[in-house]
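Chemist: how would this look folded up:
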Amino acid sequence: MRKRFLLGFSLLASLATYAQDSTTTSAPGKFTFSGYMDTYYFGNFNNPKSQSNLGLSGAGIPGNARAFDQKAGQFGIGLVQAKAVYTADKVEAVADLVFGPFADLGNYGNNVGFLGAGSTALAIKQAYITMKATPKLSFTAGQFGTHIGYEVIDAPVNYNYSLSNLFNNGPFYHLGLKAQYAFSDRAALMLGVVNNVDNIFDNNKKKGIIGQFFFSPVAGWNVYLNGIYSDEASKDITTTNNAVVVPADKANYMLFDLTTTYQVTSKFFLGLNAAKGSQKGDYQNTGGPATAQTWGGVAVYSNYAFTDKFGLGVRYESFDNKNGVRALLDANGNGASVNSITVTGNITAADGHLLLKPELRIDSYSANKFEKNDGSLTPSQATLGMAAIFKF
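Modeler: Model (predicted):
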């Protein structure tokens, strides 16, 4: 572990040295360093024997009911982030490094990392360079967080602590090249070419296409139209659908996403995330349907700031995976749908450096999903707990 932290420190120190050296040039840049850490405790009213919030996905296999806060009835740590950014007139470089259990989960496409399997490893969450060709046009190359969805991996940014099913069943990050053009401060377009979804190394020779169109109809209202199209097939695969062989060159993965936010007043905020996905054929050597199958969902967000130190937010989400194409399944391994409601408090302390988030979440599935302490199953689950986040 000591070697891992030394490696991360060396990388950040190298970037800092570069930033300091650049101040001697005619166009000095700016170096910033930030980060956060979080810890949590969530009790589960089902009192599951496995002490897990994940539920089951058939044959006793752990499910996919939570993205990160997976442990029930025990204290846990989430993620430790160290982010270095160098910004100048023509270039920006970002090294975003993370440690801890959530770092492993956020890098889930790479089950065997550079530092070994199953380790709480140093993970590169983001590492990219942006070249500013003109004041309106820029190019970004490297590994960057996905543009799709309302929520992000960083706990201080999200109002709710637990992550939505839309987040959990969408991309986490991409590795590739993208271009951004700002028509004005109220409209912009991004297009890019990337490797496959959530993997450092591509599993085939084809590239995915990503895109985003941003516009702001009025002040305080932002709209993002997002998409990705990719062939995620590793090889010809035999499906469970009448043993049909789907050639790899016929496989495809598509996801379209709408994210919009509106600051109604200085205290009241609304948000919406809706997504529709489709998959045909193999998905990264895990199999897939012979004909295109879809999944999708919608989440509504609202929060109100009662004071500058206390606010309350509510998220309602409906997610449909009854076709079974994503990992959200019931206890028998069949496709399922779920309705979730999450109520989260936000308490700010220590001059804004400490965030406390008490949270109640209730998930109701279309079929049995969760275990109780006596081994029986139930379609619903309720958790209650608190997360503490320190940011700098």
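Chemist: per-residue confidence averaged over the host helix or strand of Gly78?
Modeler: Following DSSP states H and E, one finds Gly78 within strand 75-87. For strand 75-87, the mean per-residue pLDDT is 94.
Chemist: pull out the buried residues from it.
Modeler: Across strand 75-87, burial judged by 16 or more other Cβ atoms under 10 Å covers Gly76, Gly78, Leu79, Val80, Gln81, Ala82, Lys83, Ala84, Val85, Tyr86. To be clear about C-beta, it is placed using only N, CA and C from the backbone, and glycine gets the same treatment.
Chemist: same deal with stretch 157-175?
Modeler: Going by neighbour count (16+ other Cβ under 10 Å), the buried part of stretch 157-175 is 158-175.
Chemist: coming back round to it: pairing partners for the strand holding Gly78, with directions?
Modeler: strand 30-44 (antiparallel), strand 91-99 (antiparallel) (DSSP bridges).
Chemist: and those strands: which comes nearest Ala331?
Modeler: strand 30-44 (15.7 Å; Cβ to Cβ).
Chemist: buried ones in that closest one?
Modeler: Phe31, Gly35, Tyr36, Met37, Asp38, Tyr40, Tyr41, Phe42, Asn44.
Chemist: got it, and stretch 86-99?
Modeler: Applying a neighbour-count criterion of 16+ other Cβ under 10 Å, one finds Tyr86, Ala88, Glu92, Ala93, Val94, Ala95, Asp96, Leu97, Val98, Phe99 buried in stretch 86-99.
Chemist: returning to what we had before: of the buried residues of strand 75-87, which is the nearest to Asn53?
Modeler: Among the buried residues of strand 75-87, and counting by Cβ to Cβ, the member closest to Asn53 is Gly76, at 10.6 Å.
Chemist: the closest one pairs with what?
Modeler: Bridge pairing for Gly76 - DSSP bridges - gives Tyr40.
Chemist: gap between stretch 149-164 and the chain center?
Modeler: Relative to its chain's centre, stretch 149-164 lies at 8 Å (Cα atoms, centre = their mean, to the nearest Å).
Chemist: between the two ends of that stretch, how far is it?
Modeler: Stretch 149-164 has its terminal residues 10 Å apart, counting by Cα to Cα, to the nearest Å.
Chemist: renumber starting at 28 from here on
Modeler: All right, first residue 28 from here; so that's stretch 176-191.
Chemist: now Ser257: how far from Gly70?
Modeler: Note on Ser257: its distance to Gly70, by Cβ to Cβ, to the nearest Å, is 39 Å.
Chemist: try Lys294
Modeler: 31 Å.
Chemist: and what of Glu344?
Modeler: From Glu344 to Gly70 the distance is 21 Å (Cβ to Cβ).
Chemist: so who does Gly304 touch?
Modeler: Shown in contact with Gly304 (Cβ atoms under 8 Å, 6 or more residues apart in numbering): Asn196, Gly197, Tyr280, Met281, Leu282, Phe283, Thr321, Trp322, Gly323, Val352, Arg353.
Chemist: quick one: it is in a strand?
Modeler: Yes: under DSSP: H, G, I helix; E, B strand; the rest coil, Gly304 sits within a strand.
Chemist: per-residue confidence for it?
Modeler: The predicted local confidence for Gly304 is 96.
Chemist: for it, name its beta-bridge partners.
Modeler: Leu282, Trp322.
Chemist: count of neighbours near Thr161?
Modeler: 9 (other Cβ atoms under 10 Å).
Chemist: cool, and Pro128?
Modeler: Using other Cβ under 10 Å: Pro128 sits among 16 other residues.
Chemist: go on, Tyr343?
Modeler: The tally of other residues near Tyr343 (other Cβ under 10 Å) stands at 14.
Chemist: for Ala354, same thing?
Modeler: So Ala354, with other Cβ under 10 Å, has 12 neighbours.
Chemist: would you verify that it is located in a strand?
Modeler: No: going by three-state DSSP, the assignment for Ala354 is coil, not a strand.
Chemist: ok, the residue nearest to Phe199 when sequence neighbours are not counted to Gly360 distance?
Modeler: Spatial nearest neighbour of Phe199, excluding adjacent residues (Cβ to Cβ, 6 or more residues apart in numbering): Asp225 at 5.1 Å. To Gly360, Asp225 is 22 Å away according to Cβ to Cβ.
Chemist: switch the contacts of Gly304 over to a markdown table; also include distance to Ala154 and pLDDT.
Modeler: Below are the contacts of Gly304 laid out as a markdown table (distance: Cβ to Cβ, whole Å; pLDDT from 0 to 100):
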| residue | distance to Ala154 | pLDDT |
| --- | --- | --- |
| Asn196 | 25 | 91 |
| Gly197 | 21 | 87 |
| Tyr280 | 24 | 92 |
| Met281 | 27 | 95 |
| Leu282 | 24 | 96 |
| Phe283 | 27 | 97 |
| Thr321 | 33 | 95 |
| Trp322 | 30 | 95 |
| Gly323 | 31 | 96 |
| Val352 | 31 | 90 |
| Arg353 | 28 | 90 |
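Chemist: any quick ChimeraX command for the buried ones out of these?
Modeler: The buried subset of these, as determined by 16+ other Cβ under 10 Å, is captured in ChimeraX by this line:
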select :196,197,280,281,282,283,321,322,323,352,353
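Chemist: mind putting the contacts of Gly304 into a markdown table with distance to Gln408?
Modeler: Listed next are these as a markdown table, based on distance: Cβ to Cβ, whole Å:
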| residue | distance to Gln408 |
| --- | --- |
| Asn196 | 17 |
| Gly197 | 22 |
| Tyr280 | 29 |
| Met281 | 31 |
| Leu282 | 26 |
| Phe283 | 29 |
| Thr321 | 25 |
| Trp322 | 20 |
| Gly323 | 22 |
| Val352 | 23 |
| Arg353 | 19 |
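Chemist: for the contacts of Gly304, which one is nearest Asp181?
Modeler: Distances from Asp181 to the contacts of Gly304, taken by Cβ to Cβ, are shortest for Gly197, at 15.7 Å.
Chemist: could you look up the SS state of the closest one?
Modeler: Here Gly197 is coil, with the state taken from three-state DSSP.
Chemist: which ones are touching it?
Modeler: Taking Cβ under 8 Å, 6+ apart, we find Gly197 in contact with Thr173, Ile175, Gly176, Leu282, Asp284, Ala302, Gly304.
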